[in-house]
Each structure stands twice: as structure tokens, then as C-alpha cells.
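*Asks:* Structure for this input, please:
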Amino acid sequence: MPKYVIEREIPGAGSLSDEEIHGISETSNRVLTGMPDVQWVHSYVVDDKIFCVYVAPDAERIRQHAKEGGFPANAVHEVARTIDPTTGGR
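*Replies:* Purely as a prediction, here's the structure:
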């Protein structure tokens, strides 16, 4: 199944409290209970954005999750390939 990176523009994301992050995560998980074909892998929180990695059948399911959760999906990118330090090894 395809993997996606979702860019969510959330001003002040990097300064959100543990309680606020918990609330966002809880909302996402609640929406996902009704979407068994979508899996949240993990997210990266930076200054004004959250980058999330999801597995889903298509980008529309990612957008539906965001809409139902009430958070932005400013950009949804399908991962074409994954590289890591072992990619450069021989």
C-alpha cells in the first residue's frame, strides 16, 4: 500500500504543550478507528508544521482523515522511494 508524507501548517506547532499534542493524536486515532485501511506511522513536529507519515490506499483517504479530524493537510505527497545510509553502501 502507498506511503504518504503529509504537510500540516499549524502555526506554533513546535511550541504546543504535551496536552495539546496528546489532543491532536487522540483526535487522529479516533478518526482512524473508522478508517481501517489508513495507518498513521509517525509524525515530525517542527516550528510551524507537522509532517506526518501515513499508509493509505490513496491520497483522497488522507484528505478525508484530515477533514474528519479538523486539521489541515496542506500538501499530500506519495513516497516514491525510501533511502537511508545503507542505500549508499556496496
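*Asks:* what about the residue nearest to Ala59 when sequence neighbours are not counted, neighbour count?
*Replies:* In space, Ala59 comes closest to Val76 once its chain neighbours are excluded; the distance is 4.7 Å by Cβ to Cβ, 6 or more residues apart in numbering. For every residue, glycine as well, the C-beta is placed using N, CA and C. Counted by other Cβ atoms under 10 Å, the residues lying close to Val76 total 19.
*Asks:* so which helix or strand takes in Val76?
*Replies:* Secondary structure from DSSP states H and E places Val76 in strand 75-78.
*Asks:* pLDDT averaged over that strand - what is it?
*Replies:* The pLDDT scores in strand 75-78 average 98.
*Asks:* so what does it touch, helix or strand wise?
*Replies:* Under the contact criterion of 3 or more Cβ pairs under 8 Å, 6 or more residues apart in numbering; DSSP states H and E, strand 75-78 touches strand 3-9, helix 59-69.
*Asks:* Can you check which helix is longest in the protein?
*Replies:* helix 18-32 (DSSP state H).
*Asks:* Is Tyr44 bridged to anything, and to what?
*Replies:* Phe51 (DSSP bridges).
*Asks:* give the contact list for it.
*Replies:* Residues in contact with Tyr44, defined by Cβ atoms under 8 Å, 6 or more residues apart in numbering, are 50-52.
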